[in-house]
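Engineer: My questions are about this predicted structure, shown below with the sequence.
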Amino acid sequence: MEMTANPYRRHSAKCKYAHDPQWKRCKCPMWIYSYADGKETRRSLKTRSWEKAAETALEWISAQRVVEIRHTLTLA
(Lines give C-alpha, C1' and ligand atoms only; values in the text may rest on other atoms or scores of the structure.)
Protein backbone atom coordinates (compact mmCIF):
# COMPACT_ATOMS: atom_id res chain seq x y z
CA MET A 1 0.00 0.00 0.00
CA GLU A 2 1.40 3.35 -0.97
CA MET A 3 0.19 6.64 0.43
CA THR A 4 0.85 10.21 -0.59
CA ALA A 5 0.04 13.22 1.57
CA ASN A 6 0.71 16.65 0.13
CA PRO A 7 -0.06 19.92 1.90
CA TYR A 8 -1.18 22.89 -0.16
CA ARG A 9 -2.68 26.34 0.27
CA ARG A 10 -6.31 26.92 -0.50
CA HIS A 11 -6.07 30.55 -1.44
CA SER A 12 -8.85 33.05 -0.95
CA ALA A 13 -10.24 34.70 -4.07
CA LYS A 14 -8.51 37.94 -3.08
CA CYS A 15 -5.06 36.40 -2.57
CA LYS A 16 -2.58 37.56 -5.20
CA TYR A 17 -1.01 34.06 -5.20
CA ALA A 18 -4.27 32.22 -5.92
CA HIS A 19 -2.71 30.65 -9.04
CA ASP A 20 -0.03 28.82 -7.02
CA PRO A 21 -1.18 26.27 -4.38
CA GLN A 22 2.44 25.66 -3.34
CA TRP A 23 3.10 29.31 -2.44
CA LYS A 24 4.41 29.34 1.14
CA ARG A 25 4.46 32.99 2.13
CA CYS A 26 0.80 34.02 2.30
CA LYS A 27 -1.54 33.31 5.19
CA CYS A 28 -4.28 31.43 3.34
CA PRO A 29 -5.48 28.18 5.00
CA MET A 30 -3.57 24.94 4.61
CA TRP A 31 -5.22 21.82 3.26
CA ILE A 32 -3.89 18.34 2.62
CA TYR A 33 -4.39 16.07 -0.36
CA SER A 34 -3.87 12.39 0.29
CA TYR A 35 -4.14 9.28 -1.81
CA ALA A 36 -4.23 5.80 -0.32
CA ASP A 37 -5.94 2.55 -1.24
CA GLY A 38 -7.34 4.10 -4.41
CA LYS A 39 -9.09 6.89 -2.48
CA GLU A 40 -8.42 10.60 -2.77
CA THR A 41 -8.98 12.82 0.26
CA ARG A 42 -8.79 16.58 0.66
CA ARG A 43 -9.09 17.95 4.17
CA SER A 44 -8.54 21.23 5.96
CA LEU A 45 -5.62 21.16 8.37
CA LYS A 46 -7.05 24.06 10.40
CA THR A 47 -3.74 25.89 10.29
CA ARG A 48 -2.08 28.57 8.22
CA SER A 49 1.43 27.34 8.99
CA TRP A 50 3.28 25.56 6.19
CA GLU A 51 5.57 23.91 8.76
CA LYS A 52 2.67 22.45 10.76
CA ALA A 53 1.07 21.23 7.55
CA ALA A 54 4.29 19.47 6.50
CA GLU A 55 4.54 17.83 9.94
CA THR A 56 0.96 16.60 9.64
CA ALA A 57 1.67 15.14 6.19
CA LEU A 58 4.64 13.21 7.60
CA GLU A 59 2.52 11.99 10.52
CA TRP A 60 -0.16 10.72 8.12
CA ILE A 61 2.41 8.85 6.05
CA SER A 62 4.07 7.39 9.17
CA ALA A 63 0.70 6.30 10.54
CA GLN A 64 -0.10 4.58 7.24
CA ARG A 65 3.22 2.73 7.37
CA VAL A 66 2.44 1.54 10.91
CA VAL A 67 -0.93 0.25 9.71
CA GLU A 68 0.80 -1.54 6.85
CA ILE A 69 3.31 -3.16 9.21
CA ARG A 70 0.58 -4.27 11.63
CA HIS A 71 -1.48 -5.63 8.74
CA THR A 72 1.50 -7.61 7.45
CA LEU A 73 2.28 -8.99 10.90
CA THR A 74 -1.28 -10.15 11.51
CA LEU A 75 -1.37 -11.92 8.15
CA ALA A 76 1.90 -13.76 8.70
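Structural biologist: Ah, there it is.
Engineer: from here on, contacts and neighbour counts on C-alpha atoms
Structural biologist: Fine.
Engineer: any low-confidence regions in this protein?
Structural biologist: Applying pLDDT under 70 to the chain flags the ranges 1, 65-76.
Engineer: Would you map the helices across it?
Structural biologist: In the chain, the helices defined using DSSP state H lie at 50-75.
Engineer: which residue ends up closest to the midpoint of it in space?
Structural biologist: Centrality entry for the chain: nearest residue to the mean C-alpha point is I32, 3.2 Å, by Cα atoms, centre = their mean.
Engineer: Quick one: residues contacting that one.
Structural biologist: Going by Cα atoms under 8 Å, 6 or more residues apart in numbering, I32 touches A5, N6, P7, Y8, T41, R42, R43, S44, L45, A53, A57.
Engineer: Same check on H11?
Structural biologist: Taking Cα under 8 Å, 6+ apart as the test, what H11 contacts is Y17, A18, P21, C28, P29.
Engineer: out of those, which is most surrounded?
Structural biologist: Neighbour tally across these (other Cα atoms under 10 Å): the maximum, 21 neighbours, falls on C28.
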